[in-house]
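K.L.:
requesting a structural model of the entry that follows:
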Amino acid sequence: MKPVIRTTLASVGLFAMTSGAGYAGVTIDMTDNGSDVVVTASGTLNLSDLTDSIGSFLPSGPGMIDFGGDLGTSQALVLGNPIGAFTLLSGPTFSSLPYPFFGAERSGQTQLFFSTAAGDILSLGYSQSNDRVGIGVSSTYVSGAALSSSGTFAGLELSRLGVAAGDSFSWQWGSGATADSLTINVTAVPEPSAYALMLAGLGAVGFAARRRRRA
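P.N.:
Numbering: from 1, shown residues only. Here you go, the predicted structure:
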């Protein structure tokens, strides 16, 4: 099983985007709003250096999907509304990077489906047979085109997905004009009680400041 390593960076290091070179990449935000986990993705992808296929699969729906013979061996986060099979693409500088969701607590379930999903097909998956992470998009996707997707895991917490608020994962590939990236940021919306505590703290600070001025 692939180990989970938080705040991952490609061995080739971070790259800088310059004017007219490369694309802006895709960012996936996973937010625990207290009752659900909302996943949104936006950006563009340059597929020029993702030339290796690590396998194709036909997901039964969007969400956290297993496609290996055994539970948890090969898995993908699938956004959008997939129709038909699609291929996970990888490349020379997009290998040996950990997949973050193997800690997902699924109680024997092979799938964790979104309750609602919309937008373009986008997937981040891991194939155990290839021991590689890959990106999946629609067969009709044109490199550099805008992507926008969303999905909601109803009634789930981040811990069920094997991640925690504050986690950040980043994969990079290519170089120069074909350099690109995919980033996952994990956050949590503070509970109402936390807001109340913050307001109470601000009030106490303001009260103390007024007392000092009077003194």
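K.L.:
can you pull the pLDDT of the residue most central in space within the chain?
P.N.:
Centroid-nearest residue in the chain, with CA atoms, centre = their mean: I184, separated by 3.8 Å. Looking at I184, its pLDDT reads 94.
K.L.:
list the neighbouring strands of the helix or strand hosting it plus their orientation.
P.N.:
I184 is located in strand 180-188, with elements delineated by DSSP states H and E. The pairing partners recorded for strand 180-188 under DSSP bridges are strand 26-32 (parallel), strand 168-173 (antiparallel).
K.L.:
got the contact list for T183?
P.N.:
Each residue near T183 by CB atoms under 8 Å, 6 or more residues apart in numbering is listed here: 25-28, 168-171. Placement of C-beta: from N, CA and C, glycine included.
K.L.:
which strand residues bridge it?
P.N.:
Assigned bridge partners for T183, using DSSP bridges, are T27, S170.
K.L.:
change the start of the numbering to 536 and stick with it
P.N.:
Okay, residue one is now 536; in that scheme the one you just asked about reads as T718.
K.L.:
how close does it get to F592?
P.N.:
Separation of T718 from F592 (CB to CB, to the nearest Å): 24 Å.
K.L.:
same check on L580?
P.N.:
Distance of L580 to F592, given as CB to CB: 19 Å.
K.L.:
these two - which one has more neighbours?
P.N.:
A direct count of neighbours by other CB atoms under 10 Å for L580 and F592 places L580 higher, at 25 against 21.
K.L.:
now that one: how far from L682?
P.N.:
Going from L580 to L682 by CB to CB gives 7 Å.
K.L.:
nice, that's everything, thank you.
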